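[1] following is a predicted model, sequence given first.
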Amino acid sequence: MSTNQRLSELFETIARMMDLLGEDSFRTAAFAKAGRAVADQSQDVTTLADTPAVLKAKLLEIPGIGKSMADRIVEFAGTGTIADFAALSEKLPPGLLELTTIPGVGAKSVRVWWQEGKITNLAQLKAAIADGSLATLPRMGEKSVAKIKENLSLMGSADQRTSLGRAAAVADIVVAFLLTLPEVERAVPAGSLRRGKETIGDIDVLVALKESKEPLAARQRVVAEAFRTMPGVVQVIASGENKSSVRVGLDGGSGRWKADEEKTAANSIQVDLRILPNSSFGAGMMYFTGSKEHNVRLRERALKLGWTLNEWGLFPNDAEPTPPHTRGVVPLASATEEEIYAKFGLPWIAPELREDRGELEVTAALRLIEVADIKAELHAHTTASDGNMEIEELASRAKERGFHTIAVTDHSKGQPVAGGLTIDRLLQHIEDIAKAREVVTGIRILAGSEVDILADGTLDYPDDILRRLDVVVASPHNGLTQDPQSATRRMVAAIRHPLVHIIGHPTGRLVNRRNGISPDMAALFAAAKECNTALEINAHWMRLDLRDIHVKAALEAGCLIAINCDVHAAGDFENLRFGVKTGRRGGLTPERCINAWDAATLHGWLKRKRGG
DNA sequence: GCCGTTTTCGGCCCGACTGTTTTCAGTCG
């Protein structure tokens, strides 16, 4: 786990502990916010400067970090912990914190159990459920206890975030089901899925109803009922008129990493459905897309302008206590996201950017990369190593997608388990690729390799072999637990290698499973900029490596980005959407993505990169 | 505790749903 992740979790834990002690909620929120701010940084925040004073000054530049939080980070940099944590631990019985991880149970409930019921851990809670004493505590009753009992089994799985690809597969099924209902006009995924986050807490789906003479409430009920009883639902969490929540079962189905994935992932995921009239669709999409922080920022801005923003629309703020839409107030804007942002003087903001990372400060929208911009796949495997397509099929599939270029990049010899090619086999493979060019025309088939970057930064083939290839993708596969300093030296050496075009999955991390290496990313970006080496966003949803915050920092450093599907099977091309979303989250435009270049530009770059 | 296009003090988003209550608190997103 990276330093930033550890520090971020520490801040969030402190916030939860303060909540349990009933401390001021705004103060508590500041700790949680500091945790998110740290997690959003692409650089290790403890090593931004050599001296504490300079470090503190650098930290103060991060939004959400003030003097007090900066001091705590400096403390963490020196001692590896924050004194507040130990002090709070003294005040709280061990086991209490765990109780807040029960779904539907928050700090206030746990505090009451502790203060009024002397319940301080899971065993005592279970005993209090069994002997009926829990139901006698304030604001507890039969239904609450039954719900807690049911949700105890979800502990650990309910807060486990699901990878983007698995959640997207479920969302696709739910959306397809909803679209079969005659009442439904539109059904779209929102939430973190629409924003393209690498992991998804729950799936949010928004439905707009068709125009009809039937009463709105009646049609909402029909759709909600169908949703709550659709195939795959294992638990109904909430069932209101406007909003329903269920949990649906998750299948395995995660391709190359299936066996390992199933050990850790939740076996069900929450799906929230929000049903709205068409006239509120834009406001509903904004509310349900989030992020929460983006929404809060926008709602604060609305207040300053004399308005109030909710999921029904943007309204004049008349300071009445009841929501404006319930009183028939006419919204200033509500039907589309564009018109609501326009009221704020903002361009439409891409969902991927709505993370409160400064996106509301822009004046003109960037033209972000789109799936349709991608015209080349530069990282693909065949049956020669661990892919399942022959060269010809791979090339045909790429051509079908309208690509002008496909690079065949099988593994190098250091990956014997993945069928890595010995030098003799590689030379034969280059000839096979040449033959395939005569069979499949209308697309440029490049001979390449995904060559291992060895732990010391050297490559798995000698230069005279690499020179025979049209394209070289260099990737780390082994030694992924090495220390940051060694990892930095290793990756910078590969980036500086004159025959390397692209660095594949630069950290080797796997979402929810493996952290990979933690090199000094700024050093990598500086070297990549200097040497004109492209850095890959590996589009497989288990990788998404570079990750979003790295893409942003790489672009700021002036780097080129590649988005590759790392194709092993025909279906892997479909992962492109995840890689593109990750690029968009980092602010990637087509000009900076080598896969979006036309053929002449790309092939010219491949040659010039080597001084040819 | 953070922050400033009215503020260096005094704010800090908004609504749906549930369950325990008869008007609201807790949780969630």
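    Alright, I've got the coordinates.

[2] quick one: contacts for the closest residue to A:S268 other than its chain neighbours?
    In this structure, A:S268 finds its nearest non-sequential neighbour in A:R247, 4.5 Å apart by Cβ to Cβ, 6 or more residues apart in numbering. To be clear about C-beta, it is placed using only N, CA and C from the backbone, and glycine gets the same treatment. Neighbouring residues of A:R247 by Cβ atoms under 8 Å, 6 or more residues apart in numbering: A:154, A:233-235, A:237, A:268-271.

[3] out of those residues, which are inside strands?
    Using DSSP state E, the subset of the contacts of A:R247 located in strands is A:233-235, A:237, A:268-271.

[4] just the buried residues from these, in ChimeraX please.
    Command for ChimeraX that selects the buried part of those, burial taken from 16 or more other Cβ atoms under 10 Å:
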select /A:233,237,268,269,270,271
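
[5] ranges for the strands of the stretch 351-500 of chain A?
    Assigned by DSSP state E, counting those that start in this stretch, the stretch 351-500 of chain A shows strands spanning A:376-380, A:405-411, A:444-452, A:471-475.

[6] those strands: which one's closest to DNA strand B?
    DNA strand B lies closest to strand A:376-380 among the strands of the stretch 351-500 of chain A, at 34.8 Å (Cβ to the nearest atom of the strand).

[7] relative to DNA strand B, how far out is the closest residue in space to A:V511 that isn't next to it in sequence?
    Leaving aside its chain neighbours, A:V511 sits nearest to A:S163 (5.0 Å; criterion: Cβ to Cβ, 6+ apart). Separation of A:S163 from DNA strand B (Cβ to the nearest atom of the strand, to the nearest Å): 17 Å.

[8] wait, isn't A:S163 in contact with A:H540?
    No: with contact defined as Cβ atoms under 8 Å, A:S163 does not reach A:H540; the gap is 9.9 Å.

[9] can I assume the residue nearest to A:S268 sits in a strand?
    Yes: under DSSP: H, G, I helix; E, B strand; the rest coil, A:R247 falls within a strand.

[10] so it bridges to which residues?
    Applying DSSP bridges to A:R247 gives these bridge partners: A:Q235, A:Q270.

[11] and stretch A:220-228, what's its mean pLDDT?
    Here stretch A:220-228 scores 93 as its mean pLDDT.

[12] wait, stretch A:520-539
    Stretch A:520-539 shows a mean pLDDT of 98.

[13] what do you get for stretch A:506-514?
    For stretch A:506-514, the mean pLDDT works out to 94.

[14] just put the ones in strands among the contacts of A:R247 in JSON lines and tack on pLDDT.
    What follows is those, written out as JSON lines (pLDDT from 0 to 100):
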{"residue": "A:V233", "pLDDT": "91"}
{"residue": "A:V234", "pLDDT": "88"}
{"residue": "A:Q235", "pLDDT": "88"}
{"residue": "A:I237", "pLDDT": "90"}
{"residue": "A:S268", "pLDDT": "85"}
{"residue": "A:I269", "pLDDT": "90"}
{"residue": "A:Q270", "pLDDT": "92"}
{"residue": "A:V271", "pLDDT": "95"}
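
[15] do you know how far A:K149 is from A:M155?
    Here the criterion is Cβ to Cβ, to the nearest Å. By it, A:K149 lies 12 Å from A:M155.

[16] ignore the last one, A:E211
    Per Cβ to Cβ, A:E211 is found 44 Å from A:M155.

[17] need the residues of the stretch 251-400 of chain A near DNA strand B, please.
    Selection of the stretch 251-400 of chain A residues close to DNA strand B by Cβ under 7 Å from any atom of the strand yields A:270, A:272, A:288, A:290, A:292, A:295-296, A:299-300, A:302-304, A:308-312, A:317, A:323-326.

[18] one more time with 6 Å
    A:292, A:295-296, A:299-300, A:303-304, A:308-310, A:323-324 (Cβ under 6 Å from any atom of the strand).

[19] and for the residue nearest to A:V511, the neighbour number?
    The number of residues packed near A:S163 is 24, by other Cβ atoms under 10 Å.

[20] what does A:V170 give?
    22.

[21] tell me where the stretch 101-250 of chain A has strands.
    Applying DSSP E, counting those that start in this stretch to the stretch 101-250 of chain A gives strands spanning A:162-163, A:184-189, A:199-200, A:203-209, A:233-239, A:243-249.

[22] among the ones you listed, which is nearest A:H603?
    With Cβ to Cβ as the measure, strand A:162-163 is the member of the strands of the stretch 101-250 of chain A nearest A:H603 (34.5 Å).

[23] go ahead and confirm A:R509 touches A:D545.
    Yes: assessed by Cβ under 8 Å, A:R509 is found in contact with A:D545 at 5.3 Å.

[24] overlap in contacts of these two?
    Joint contacts of A:R509 and A:D545 (Cβ under 8 Å, 6+ apart) are A:G516.
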